[in-house]
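Participant: output the structure for:
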Amino acid sequence: MNRLCTICARSGSKGIVNKNLRYLAGKPLLAYSILQAKAAGLFQYLAVSSDTDDLLRIGKEWGADYLIKRPDHLATDSAPKLPAIQHCLKIVEDISKETFDVIVDLDATSPLRFVSDIKNAVELLETKGISNVLTGTHARRSPYFNLVEKNKQGVVQLSKPHSSPIFRRQDAPDCYDLNASIYVWKRKALLSQHTLFHKDTELYIMPEERSIDIDSPLDFDIVEFLMSKRGKNSGSNIV
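Facilitator: Numbering: from 1, shown residues only. Below is the predicted model of the structure:
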């Protein structure tokens, strides 16, 4: 099986300025995903895609095989990430003259994942022969019980009322938050559509403590605390 790992990180983050360039527990944030991908031992190549030379330089320093300059139109605030991953795949295949069977994208802002999470998500895809795998965690709020929205009249109501009243969250159907940590595709599935969801998409469930996607200064502080604690307990914050 020929596998490619991509890590797509852009400049211009709004919640935390230069988020992907910041140091977290002694390393650039981007470095964690690179080290986890290499430790997994699954990939023929690892590619970092970015619109900024500063992030590509970090990618080179920490061992990425390919540094792909992302076009500006794929790096705006409103640009979806999927076309950037597709662009990265096509450029690496063009340069390497190889075709990849499986593509894994690691989000640079989710450094708390374990290496075993990457291996397990890839195994899930390859064992079941499905189109793609997303990762998520059990949701803290349920649209059937305590997640609400306002209708056009401004009246608050449940986001997804159940056919019968639910009085305890535990009795509501299971719901999950996508944690944006790991995406796994078969090549054809990645290139054939512009959506994450295919008819056979499966979810790899991760615990909450490995599912924080850094999007705010508070997220960064929590992840830094957990990463430092992990390093003290295990001797390494790459597990």
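Participant: low-confidence stretches in the chain?
Facilitator: 235, 237-238 (pLDDT under 70).
Participant: what comes up buried for the top strand by length along it?
Facilitator: In the chain, taking DSSP state E as the definition, the longest strand is strand 176-186. Using 16 or more other Cβ atoms under 10 Å as the test for burial, strand 176-186 gives Asn179, Ala180, Ser181, Ile182, Tyr183, Val184, Trp185, Lys186. C-beta here means a position set from N, CA and C on the backbone, and glycine is covered the same way.
Participant: what's the answer for stretch 131-139, then?
Facilitator: Those would be Ser131, Asn132, Val133, Leu134, Thr135, Gly136, Thr137, Ala139, for stretch 131-139 by 16+ other Cβ under 10 Å.
Participant: about what we covered before: tell me what the longest strand of the chain is packed against?
Facilitator: Counting by 3 or more Cβ pairs under 8 Å, 6 or more residues apart in numbering; DSSP states H and E, the packing neighbours recorded for strand 176-186 are strand 102-106, helix 115-128, strand 132-138, strand 202-205.
Participant: list the buried ones in the last one?
Facilitator: What it means is strand 202-205. Tyr204.
Participant: so what touches it?
Facilitator: Strand 202-205 has contacts (Cβ atoms under 8 Å, 6 or more residues apart in numbering) with 117, 120-121, 124-125, 128, 130, 132-138, 176, 182.
Participant: again, only using 10 Å
Facilitator: Strand 202-205 is contacted from outside by 117-118, 120-125, 128, 130-138, 174, 176, 178-179, 181-182, 184, 211, using Cβ atoms under 10 Å, 6 or more residues apart in numbering.
Participant: fine by me, thanks again.
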